[in-house]
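> sequence unknown, structure follows:
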Ligand code: SAH
C-alpha cells in the first residue's frame, strides 16, 4: 500500500460558472437587478432551482423574453448526469455526474419505507489518503462549489417529488456527506450547503438540521468551528481505530489530530446539540477487528455521547484488506455493547451497483476515462447485526 501525502489545499482549477446557489439571497437579488430585472425574479429563479426545474420553457412565471438570459446568468447547468444505476428494485439510485471541467462525482439516493436519504460528494476526489478508501487513494482533484454540492441534493429531492423512485412521489428527508471528499476540508462551501439545505423555500430545501449528517475524518479545528457556529447537523466521525498507533496508518490525519482530540471535539459538539454523534468504524479483517480493540474502543467511548456504526469493509481494487468475518463482527458488537456503547452495523445498500462505501474504484470507466467517484451508503437505517438488511 503506497502512503499518500495528506492534502488540505485543493488544487486551483477553473471555477464553475456563477450560480444562484452560491449567492446569498441579497446577492442573488442584486445580480438580477444588474440584469435589469426586478429583484423578486431571484426568488422565482430560486424556486425553480430548488424544485429541480431546469428547462427555461417551464418557468412560466418569468417573461418568455428573459427566461434564457436569466437562467443562463444564474442557473447554469453544473451537473450533467452521465449515468444512473439502480438497485434494490429501483429504491437505490446512483448517479454519476460530470462537472463543467470534466471532473466526475457521484451521489446515491436511497429510499426507505420511512425516509429517503441522499449521499452527496463535497469534493472531486479526496486529499485525506485513507488507504482503505478508493477515493482517498486517487487523491484530490478539486473542491466542489456550493452549487455543485447543493445540486446533488436538489436532483435527489426532485427525483423523489416527481415520483421517479418506486413507491410513488415522496420527499427527500435526509442528506449525508458521505460521498467523495472530506466535507470539513471544504468548509466554506459545505457551510453554504448546510444553509441551503435547511432554508425553507424558495431559497432552500427546507430540511431539518438533524436529518443532515456531516461525516469527517476528524479535522478538529473545523469540528470546533461547526460547534461554535451553533449548527445542529448530526456529526459522524470516521475513527476506524481506538489507538493512535493504528489510526495513524488507517486515517493519516491522525498524525495531526489524535484520537483523544477528535473525540473531545466531537463531545463538545454533542454537548452543544444535546445529541449523540456517530463513530464510524470500518471493520477490517485482522487489522482493527480484534476483541482487544473492541474493548479499547468500548472504554474510550463508554461515557461519551457516541453511537458506533460499524461498516464491514468494502474491499477496494488493489487492496489486500478484507471485511471482518461475521463471527468477528458479532464479537466486536457484543464487546462494545458490554461497555454500554450503542452499536449498530451499517446497511450496505447498493453493493450490487458498486454503490456502497469505497466500491466504485478507478477501474470504473466512462467513455474510456477512469472515474474516481466513490459512492457511500447511508448512515441510516442502522441495521442490527444478523438482521436482514433493510426490509
Ligand atoms: N471524508 C468523510 C466522508 C467519507 S465517506 C469521512 O472520512 O468521514 C463515509 C465513510 O465511509 C467514512 O467513514 C469512510 O471512512 C468510510 N469508507 C471509505 N471507504 C470505505 C470502504 N472501502 N469500506 C468501508 N467504509 C469505507
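Perfect, thanks for sending it. Computed from a prediction, not measured in an experiment: that's the story for all the values here. Residues are numbered from 1 along each chain as shown.

> element containing the residue of the chain most remote from its centre?
Ranked by distance from the centre of the chain (C-alpha atoms, centre = their mean), the top residue is residue 65, with 38.6 Å. Using DSSP states H and E, residue 65 falls within helix 64-74.

> report all helices and strands that that helix contacts.
helix 25-34, helix 40-50 (3 or more C-beta pairs under 8 Å, 6 or more residues apart in numbering; DSSP states H and E). Quick note: C-beta positions are derived from backbone N, CA and C, even for glycine.

> any chance of CSV for those helices, columns mean neighbour count, mean pLDDT and distance to the ligand?
Shown next, in CSV, are the helices and strands packed on helix 64-74 (neighbours: other C-beta atoms under 10 Å; pLDDT from 0 to 100; distance: least, C-beta to the nearest ligand atom, whole Å):
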stretch, mean neighbour count, mean pLDDT, distance to the ligand
helix 25-34, 16, 96, 29
helix 40-50, 21, 98, 25
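
> can you confirm residue 207 is in a helix?
No. Counting by DSSP: H, G, I helix; E, B strand; the rest coil, residue 207 falls outside a helix, being coil.

> would you mind listing what in the stretch 1-150 of the chain touches the ligand?
128, 130, 132, 133 (C-beta under 6 Å from any ligand atom).

> now the first one: how far from residue 35?
Read it as residue 128. 40 Å (C-beta to C-beta, to the nearest Å).

> when these two are compared, which one has more neighbours?
residue 128 (27 against 13; other C-beta atoms under 10 Å).

> residue 130 contacts residue 251, doesn't it?
Yes. Residue 130 is within contact range of residue 251, at 5.5 Å (criterion: C-beta atoms under 8 Å).

> higher neighbour count, these two?
Shown here are residue 130 and residue 251; by other C-beta under 10 Å, residue 251 has more neighbours (27 against 22).

> quick check: the more buried one vs the ligand, distance?
Residue 251 is 7 Å from the ligand, where distance means C-beta to the nearest ligand atom, to the nearest Å.

> tell me the contacts of that residue?
Shown in contact with residue 251 (C-beta atoms under 8 Å, 6 or more residues apart in numbering): 128, 130, 217, 218, 238, 239, 240, 241.

> returning to what we had before: and the helix or strand just after the helix holding residue 65, what does it pack against?
The helix or strand immediately downstream of helix 64-74 is strand 80-87, counting by DSSP H and E. Packing partners of strand 80-87 (3+ C-beta pairs under 8 Å, 6+ apart): strand 92-98.

> show me where the stretch 51-200 of the chain has strands.
Applying DSSP state E, counting those that start in this stretch to the stretch 51-200 of the chain gives strands spanning 80-87, 92-98, 104-111, 116-119, 123-125, 140-143, 174-177.

> and the fourth one, what other elements does it pack with?
Packed against strand 116-119 by the contact rule (3+ C-beta pairs under 8 Å, 6+ apart) you find strand 104-111, helix 146-161, strand 174-177.

> check which helix or strand the spatially closest residue to residue 305 that is not a sequence neighbour maps to.
Once flanking residues are discounted, residue 305 sits nearest to residue 270: 4.0 Å by C-beta to C-beta, 6 or more residues apart in numbering. Taking DSSP H and E as the criterion, residue 270 maps to helix 259-273.

> so the helix or strand just after that helix, near the ligand or not?
Later in the chain than helix 259-273, the nearest helix or strand by DSSP H and E is strand 277-283. Yes. With C-beta under 6 Å from any ligand atom as the measure, strand 277-283 is seen reaching the ligand through 280, 282.

> now the angle between helix 259-273 and strand 277-283, please.
140 degrees (axes from the mean of the first three to the mean of the last three C-alpha atoms, to 10 degrees).

> partners of strand 277-283 in the sheet?
Sheet partners assigned to strand 277-283 using DSSP bridges are listed as strand 234-238 (parallel), strand 306-312 (parallel).

> ok, and which of those strands has the densest surroundings?
strand 234-238 (a mean of 24; mean count of other C-beta atoms under 10 Å).

> how about it and the ligand, any contact?
Yes. Shown here: strand 234-238 in contact with the ligand (C-beta under 6 Å from any ligand atom) through residue 238.

> that strand: how far from the chain's middle?
Averaging C-alpha positions (C-alpha atoms, centre = their mean, to the nearest Å) puts strand 234-238 11 Å from its chain's average.

> ok, residue 346 touching residue 309?
Yes. Proximity of residue 346 to residue 309 meets the contact threshold set by C-beta under 8 Å, at 5.4 Å.

> how about the residues of the stretch 151-300 of the chain near the ligand?
Counting by C-beta under 6 Å from any ligand atom, the residues of the stretch 151-300 of the chain that sit close to the ligand are 178, 182, 215, 216, 217, 238, 280, 282.

> switch to 5 Å and redo it
178, 182, 215, 217, 238, 280, 282 (C-beta under 5 Å from any ligand atom).

> what subset of those is buried?
178, 182, 215, 217, 238, 280, 282 (16 or more other C-beta atoms under 10 Å).

> among those, which pair sits farthest apart?
182 and 282 (15.6 Å; C-beta to C-beta).

> so where's the chain uncertain?
Low-confidence segments of the chain (pLDDT under 70): 1-2, 348-391.

> how is it divided into domains?
Annotated domains of the chain cover 16-76, 78-353 [the TED database].

> need the winner for burial among those.
domain 78-353 (a mean of 20).

> and the residues of the stretch 1-150 of the chain next to the ligand, which is closest to the ligand?
Comparing these against the ligand with C-beta to the nearest ligand atom places residue 133 closest, at 3.5 Å.

> thought that closest one was touching residue 314?
No. Between residue 133 and residue 314 there is no contact, the gap being 9.4 Å when judged by C-beta under 8 Å.

> ok, back up a step: hey, what's in contact with both of residue 130 and residue 251?
217, 238, 240.

> tabulate the residues you listed (TSV), appending distance to residue 95.
Below are those laid out as TSV (distance: C-beta to C-beta, whole Å):
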residue	distance to residue 95
217	24
238	24
240	27
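
> now, among the residues you listed, which is nearest to residue 265?
The closest of the shared contacts of residue 130 and residue 251 to residue 265 turns out to be residue 217 (C-beta to C-beta; 12.1 Å).
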